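Engineer: got a predicted model here, sequence first, then my questions.
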Amino acid sequence: DQQVKQNSPSLSVQEGRISILNCDYTNSMFDYFLWYKKYPAEGPTFLISISSIKDKNEDGRFTVFLNKSAKHLSLHIVPSQPGDSAVYFCAASGETSGSRLTFGEGTQLTVNP
Amino acid sequence: GAGVSQTPSNKVTEKGKYVELRCDPISGHTALYWYRQSLGQGPEFLIYFQGTGAADDSGLPNDRFFAVRPEGSVSTLKIQRTERGDSAVYLCASSQLGQDEQYFGPGTRLTVT
């Protein structure tokens, strides 16, 4: 039972354009969502998060949008840079703290110069 | 400051052998998590410690897997009678009390031959 799904295994965009990575979830008890970036041979690095009481959170070039009714979230990166090329994981938790994270399968983003 | 560290970075073992994987969390982080990541998948939760005790071990796949955190800092994941299916990257993460963001180490790549 895949509770967090990232349906696009890969995405390719041109430098300077917007990257949009999508994530869907099925468990309505999830109330906190996170995005992680992962480079090869490294652990996932925390990028940005959003609580279910919000519908948008912005940090520099990164914005996460949450649509609770659709159980959908997305990560926007603008402008995209070649250094953003990595695997991006969406994750969700069901408590406000100290809870396991449930991850999606990941999306490989490639930003072409 | 120092991040989460994991040793060894790579471990190759024969089927049926016993292995120990070590995690040093960020200093002051009371919560510690173990995840397992197989190729092409997102990390999957194994076990969560709050202090010295395992608060949630429901992700451990079977009784060959065991983890300890005797002094509330360093943790060791132990796998008995390893099987080829145990081959994966084992990730450790830590977080502060009340914080949802988990910070990951680089992982240990376990290969069972």
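Structural biologist: Nice, thanks for sending it over.

Engineer: A:S52 and A:T107, how far apart?
Structural biologist: From A:S52 over to A:T107 the distance is 22 Å, taken as CB to CB, to the nearest Å. In this view, the C-beta of every residue, glycine as well, is placed from N, C-alpha and C.

Engineer: out of the two, which sits in the busier spot?
Structural biologist: A:T107 (21 against 16; other CB atoms under 10 Å in any protein chain shown).

Engineer: B:L46 is in contact with B:A54, correct?
Structural biologist: No. Using CB atoms under 8 Å, B:A54 makes no contact with B:L46, being 10.3 Å away.

Engineer: give me the common contacts of the two.
Structural biologist: B:A67 (CB atoms under 8 Å, 6 or more residues apart in numbering or on different chains).

Engineer: neighbour count: the two, which is higher?
Structural biologist: Taking other CB under 10 Å, B:A54 and B:L46 do not tie; B:L46 has more neighbours (22 against 18).

Engineer: quick one, strands of chain B?
Structural biologist: Using DSSP state E, the strands of chain B run over residues B:5-7, B:10-13, B:19-24, B:31-37, B:44-50, B:53-56, B:65-68, B:75-79, B:88-95, B:103-104, B:108-112.

Engineer: any idea which of these scores lowest on pLDDT?
Structural biologist: Sorting the strands of chain B by mean pLDDT places strand B:53-56 lowest, at a mean of 90.

Engineer: just to revisit the earlier point, including distance to A:C23, could the strands of chain B go into JSON lines?
Structural biologist: Formatted as JSON lines, the strands of chain B follow (distance: least, CB to CB, whole Å):
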{"stretch": "strand B:5-7", "distance to A:C23": "27"}
{"stretch": "strand B:10-13", "distance to A:C23": "31"}
{"stretch": "strand B:19-24", "distance to A:C23": "27"}
{"stretch": "strand B:31-37", "distance to A:C23": "17"}
{"stretch": "strand B:44-50", "distance to A:C23": "17"}
{"stretch": "strand B:53-56", "distance to A:C23": "23"}
{"stretch": "strand B:65-68", "distance to A:C23": "28"}
{"stretch": "strand B:75-79", "distance to A:C23": "28"}
{"stretch": "strand B:88-95", "distance to A:C23": "19"}
{"stretch": "strand B:103-104", "distance to A:C23": "18"}
{"stretch": "strand B:108-112", "distance to A:C23": "26"}
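
Engineer: what does chain A put close to chain B?
Structural biologist: A:4, A:6, A:32, A:34, A:36, A:41-46, A:49, A:89, A:91, A:93, A:96-106 (CB under 8 Å from any CB of the partner chain).

Engineer: which of these fall in strands?
Structural biologist: A:4, A:32, A:34, A:36, A:45-46, A:49, A:89, A:91, A:93, A:102-103.

Engineer: can you list the low-confidence ranges for chain A?
Structural biologist: Counting by pLDDT under 70, chain A contains low-confidence ranges at A:95-98.
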